[in-house]
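K.L.:
The amino acid sequence is not available; the structure is as follows:
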């Protein structure tokens, strides 16, 4: 079972939205802290109300590298959203990442409609940034 499968499975057991929000916050707390030297303007995701940083690492085949991501946020719930986004995308080939819309995953667990419009926009910005990085690396 992948980390993402476990998250989706865990969500299915939580009926109350308050419990689901607590779970998202717990996912964020489990996310490793991003070192200060990676909290740069270059790594900052534009379009998020909270501060969000994403760092991309590529390895393997230069034409379709495996991408792994580090991420962090200064807001608890957003940090949990970062954890879910990373579970969705990290460790996959760039071509697969470019084709995968994590909003579908968030839709499956019913999370998007329970986010404020600012958080939903920030989530879209994170996903867009990751998919653009993947597209660039498959085109190189």
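P.N.:
Noted; the coordinates are in hand. In this text the structure is predicted, and so the values were computed from the model without any measurement.

K.L.:
and the gap between the residue nearest the centre of the chain and residue 9?
P.N.:
In the chain, the centroid-proximal residue (CA atoms, centre = their mean) is residue 85; its distance is 2.0 Å. Look at residue 85 and residue 9: by CB to CB, to the nearest Å, they are 18 Å apart. To be clear about C-beta, it is placed using only N, CA and C from the backbone, and glycine gets the same treatment.

K.L.:
any idea which helix or strand comes after the helix or strand bottoming out on mean pLDDT in the chain?
P.N.:
Here the helix or strand of the chain ranked lowest by mean pLDDT, DSSP states H and E is helix 102-108, holding a mean of 82. Heading C-terminal from helix 102-108, the first helix or strand you meet, by DSSP states H and E, is helix 117-139.

K.L.:
in that following helix, what counts as buried?
P.N.:
119-120, 122-127, 129-131, 133-134, 137-138 (16 or more other CB atoms under 10 Å).

K.L.:
Now do that helix, average pLDDT.
P.N.:
Averaged across helix 117-139, the pLDDT comes to 90.

K.L.:
swap in stretch 17-29?
P.N.:
93.

K.L.:
what residues does that stretch touch?
P.N.:
7, 10-11, 14, 73, 76-84, 109, 111, 114 (CB atoms under 8 Å, 6 or more residues apart in numbering).

K.L.:
mind listing the helices in this protein by residue range?
P.N.:
Here the chain has its helices, by DSSP state H, at 3-13, 17-30, 76-89, 94-99, 102-108, 117-139.
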